[in-house]
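In: Task: produce atomic coordinates for the following.
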Amino acid sequence: MKKIFNQLRLHLGFAKLKQELKRFKREKHSVALSEAENIAVLVPIKSQKEIADAQQFVKALQTGNKKVKLLGFLLDRSLKGKLKGDIEFISDDDINWNYVPHKESIKNFVNKEFDILINLCTELCFPLVYVSAMSQSLFKIAAYDFRQAPFFDLMIETQQESIAGFSREIRYYLDKIK
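Out: Numbers count the residues shown, from 1 in each chain. Alright, predicted model coming up:
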């Protein structure tokens, strides 16, 4: 029963997102990593290791005075007090019943125009898909999932399940864009 209810919540979340995107306009085009100045990285957080992997990826992106903003979705509430460093996060407390984030800082985040937005979710994480889809970012990248294909500009089909592995793949493809 819980699975059916969660599927309904997800379905209604996608319906709300599609409705909001009807009045949404953004400029979009591919951006080379060497040209990017502002980058956003979205990450699901299940463990301390994932936080460390995401922060390591951010550090690797911060070459040449690039500003990188890290936003995480806490899947494990016990990590809430253990977050250190320059990471903004949302949790179950910050989403509506249909998984749509309602935190004020999220509204500020989606209105900022990043050159590149990278969603490191290898499995569907609707709150971060919502943030990605509503973002004003010029170039949006994520792992391939047919349900979120309309919201991203570049999707990478991956067998990687770890943040470290997927971030290496993304970096490989970003380095190829000129």
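
In: buried residues in stretch 16-27?
Out: Under the neighbour-count criterion of 16 or more other CB atoms under 10 Å, stretch 16-27 has Leu17 buried. C-betas here are computed from N, CA, C, even on glycine.

In: can you give me the strands in the chain?
Out: 38-45, 67-74, 87-90, 116-119, 139-143, 154-156 (DSSP state E).

In: What strands line up against the fifth one, and which way round?
Out: In this case it means strand 139-143. strand 116-119 (parallel), strand 154-156 (parallel) (DSSP bridges).

In: before we move on, what about the second one?
Out: Taking DSSP bridges as the criterion, strand 67-74 pairs within the sheet with strand 38-45 (parallel), strand 87-90 (parallel).

In: average model confidence for the lengthiest helix in the chain?
Out: Scanning the chain for the longest helix, with DSSP state H as the assignment, gives helix 2-21. Across helix 2-21, pLDDT averages out at 91.

In: Touching that helix from outside, list them.
Out: For helix 2-21, the external contacting residues (CB atoms under 8 Å, 6 or more residues apart in numbering) are 97-100, 124, 126, 129-130, 133-134, 147, 151.

In: would you list those residues in JSON lines and tack on distance to Ile51, pLDDT and neighbour count?
Out: Shown next, in JSON lines, are the contacts of helix 2-21 (distance: CB to CB, whole Å; pLDDT from 0 to 100; neighbours: other CB atoms under 10 Å):
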{"residue": "Trp97", "distance to Ile51": "27", "pLDDT": "89", "neighbour count": "10"}
{"residue": "Asn98", "distance to Ile51": "27", "pLDDT": "93", "neighbour count": "17"}
{"residue": "Tyr99", "distance to Ile51": "22", "pLDDT": "92", "neighbour count": "21"}
{"residue": "Val100", "distance to Ile51": "24", "pLDDT": "93", "neighbour count": "20"}
{"residue": "Leu124", "distance to Ile51": "20", "pLDDT": "92", "neighbour count": "13"}
{"residue": "Phe126", "distance to Ile51": "20", "pLDDT": "95", "neighbour count": "22"}
{"residue": "Val129", "distance to Ile51": "20", "pLDDT": "96", "neighbour count": "24"}
{"residue": "Tyr130", "distance to Ile51": "21", "pLDDT": "96", "neighbour count": "24"}
{"residue": "Ala133", "distance to Ile51": "24", "pLDDT": "95", "neighbour count": "21"}
{"residue": "Met134", "distance to Ile51": "24", "pLDDT": "95", "neighbour count": "21"}
{"residue": "Arg147", "distance to Ile51": "26", "pLDDT": "91", "neighbour count": "11"}
{"residue": "Phe151", "distance to Ile51": "25", "pLDDT": "94", "neighbour count": "20"}
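
In: how near is Glu88 to Lys59?
Out: 16 Å (CB to CB, to the nearest Å).
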